[in-house]
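Chemist: When you get a sec, could you give me coordinates for this:
(4 chains)
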Protein chains: 2
Amino acid sequence: MLRLSKLTDYATVILSFMAKDKPQVHAAMEIAGVTGIALPTVSKILKLLVNANVLTSTRGAKGGYALARLPEEISIAMVISALEGPIALTECSISQQGCEQASGCDIRGSWNLINQTIHNALESVTLADLIRPAAVPEEVFIPVSSLYQ
Amino acid sequence: MLRLSKLTDYATVILSFMAKDKPQVHAAMEIAGVTGIALPTVSKILKLLVNANVLTSTRGAKGGYALARLPEEISIAMVISALEGPIALTECSISQQGCEQASGCDIRGSWNLINQTIHNALESVTLADLIRPAAVPEEVFIPVSSLYQ
DNA sequence: TTAAATAGGACTAGAATAGTCCCAATTACT
DNA sequence: AGTAATTGGGACTATTCTAGTCCTATTTAA
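Modeler: Modelled structure (predicted):
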C-alpha cells in the first residue's frame, strides 16, 4: 500500500498541535490528552523526534518538548525518516551490496530516480504547510517524465 | 521506511524482462528461470498483475503471460497498486470514515496533497523508462511548495 | 487422451509494527 | 534535603502484515 506507519501519522498530528499552539514547551502527558493518543505511544514518538533533532527536550519537573526549529524548517521528509529510517522504496536502494537477481536487474538507477523524486516531494512540504488550511490545487505538476527525454 | 514490498520489487524486475524480450508470451516457469525468483512467487505476482490488467494471460499448453499494453503505457503507479492496493500514505486517506483523533486533525487535506503528489510522480514513470538505460539527471525539480503560495 | 499451462485459494513461517511497561536520571519547587 | 514531575532508554509482548509455498480445478495444444 506504500504506506507510512501509524506512528508517523501520529507524529504529524502531534507536531501539528505543537506548531499551532503558543506555549513553547509541552509535556508528553499534555500532548496525549490533547491528541487522544495513548501516553506510552506519545512518549515513544517524542523520543524518536528528539533523536532526529526535530524536537528538543527538557528534563525534570516543568520539563517537556518543544520544536527544535521553525515549522517552515521542518519537512515531512525529516519526520518520516525520524520515525521510519531512510526514505527509500526498495531494499537495494539502501544497502548497495547488489541484489540476488543475477540477470536483468539494471533498473536500480531508475529506482534511484524515483526515490529521489519522492524524497524531494516530501522534502518540499513542511510542517507549516500542514497546519495551513488546505487549499488543494486543481493540478499538481510533476515533470518527472520529461527528465528522460 | 516508506518502502515497497518485496513483491512489488520483483514485479518490476519481471515486467522489465517482459518488456525487453521479444516474444509476446512467457510462461511463469520461463520467467522464474530468467529472473531467479522462485516459481510459486512468480506465479503469485503474475496473477496479481493479470487482475490489475497489466498483463493478459492465456491458459493451457503454450499459454503464458504477455503485457496488456505498451511499456510506455504501464506506469509504476499501476504496478504498485496492483501489488499493494491503493497508493495512499495514511490510513485516513483511504477510508474516509473519520479518524479517532477527536481534535486537531484537520491536516487530512494536506495529506491528500502529498498523496496526490507522490501518486503523480509514480504515474509519470513508466515501464519504458525503467528499461531505458538510466541517465540520472543532476537535479529533480518538484515544485510542490510553490503550490502553497 | 495427455501434458502444459493458468486460476484461485488455503496455508505456514517469519518479520515488522504497535503498543505497553519499567527503572534510571534530571530538575523545579517547597 | 526531599518530593513530585518529567524525560531517557530500553525490554518486552501481542498482533498484524509479508513472503513464500502448495494444492486442486480449469483450460488448451498436440
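Chemist: my read: A:Ser75 touches A:Asn120, true?
Modeler: No: at 10.1 Å, A:Ser75 does not count as touching A:Asn120 under the criterion of Cβ atoms under 8 Å. (Glycine included, C-beta is placed from N, CA and C.)
Chemist: what about the helix or strand A:Met18 falls within and DNA strand D, touching?
Modeler: A:Met18 belongs to helix A:6-20 when assigned by DSSP states H and E. No: Helix A:6-20 lies out of reach of DNA strand D by Cβ under 7 Å from any atom of the strand, never closer than 9.7 Å.
Chemist: Please identify the buried residues of that helix?
Modeler: A:Thr8, A:Asp9, A:Tyr10, A:Ala11, A:Thr12, A:Val13, A:Ile14, A:Leu15, A:Ser16, A:Phe17, A:Met18, A:Ala19 (16 or more other Cβ atoms under 10 Å in any protein chain shown).
Chemist: After the lowest-mean-pLDDT helix or strand in chain A, which helix or strand is next?
Modeler: Within chain A, no helix or strand scores below helix A:108-123, which has a mean of 79 by mean pLDDT, DSSP states H and E. Sequence order places helix A:127-131 as the next helix or strand after helix A:108-123, per DSSP H and E.
Chemist: related to what we said a few turns ago, what is the least confident helix or strand of chain A packed up against?
Modeler: helix A:76-84, helix B:108-123 (3 or more Cβ pairs under 8 Å, 6 or more residues apart in numbering or on different chains; DSSP states H and E).
Chemist: Any idea which of the ones you listed gets closest to DNA strand C?
Modeler: Smallest distance to DNA strand C across the helices and strands packed on helix A:108-123 (Cβ to the nearest atom of the strand): 6.4 Å, for helix A:76-84.
Chemist: would you put the C-alpha positions of that closest one in CSV?
Modeler: Output of helix A:76-84 as CSV, limited to C-alpha atoms (Å, rounded to 0.1, in the frame of the first residue of the first chain):
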residue,chain,number,x,y,z
ILE,A,76,7.8,15.9,6.2
ALA,A,77,10.8,14.0,5.0
MET,A,78,12.5,14.7,8.2
VAL,A,79,9.6,13.5,10.2
ILE,A,80,9.3,10.3,8.2
SER,A,81,12.9,9.5,8.4
ALA,A,82,12.9,10.1,12.1
LEU,A,83,10.2,7.5,12.6
GLU,A,84,11.0,5.0,9.9
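Chemist: got the angle between that helix and helix A:108-123?
Modeler: 110 degrees (axes from the mean of the first three to the mean of the last three Cα atoms, to 10 degrees).
Chemist: neighbours around the residue of chain A found nearest DNA strand C, how many?
Modeler: Across chain A, no residue is closer to DNA strand C than A:Gly60, which sits at 2.1 Å (Cβ to the nearest atom of the strand). Using other Cβ atoms under 10 Å in any protein chain shown, A:Gly60 has 6 other residues around it.
Chemist: do you know how far it is from B:Ala11?
Modeler: 52 Å (Cβ to Cβ, to the nearest Å).
Chemist: Same question for A:Val50.
Modeler: Counting by Cβ to Cβ, the separation of A:Val50 from B:Ala11 is 38 Å.
Chemist: What of A:Leu130?
Modeler: Relative to B:Ala11, and taking Cβ to Cβ, A:Leu130 is found at 32 Å.
Chemist: What is the nearest of the buried residues of helix A:6-20 to B:Val125?
Modeler: Proximity of these to B:Val125 was ranked by Cβ to Cβ; the top entry is A:Thr8 with 23.9 Å.
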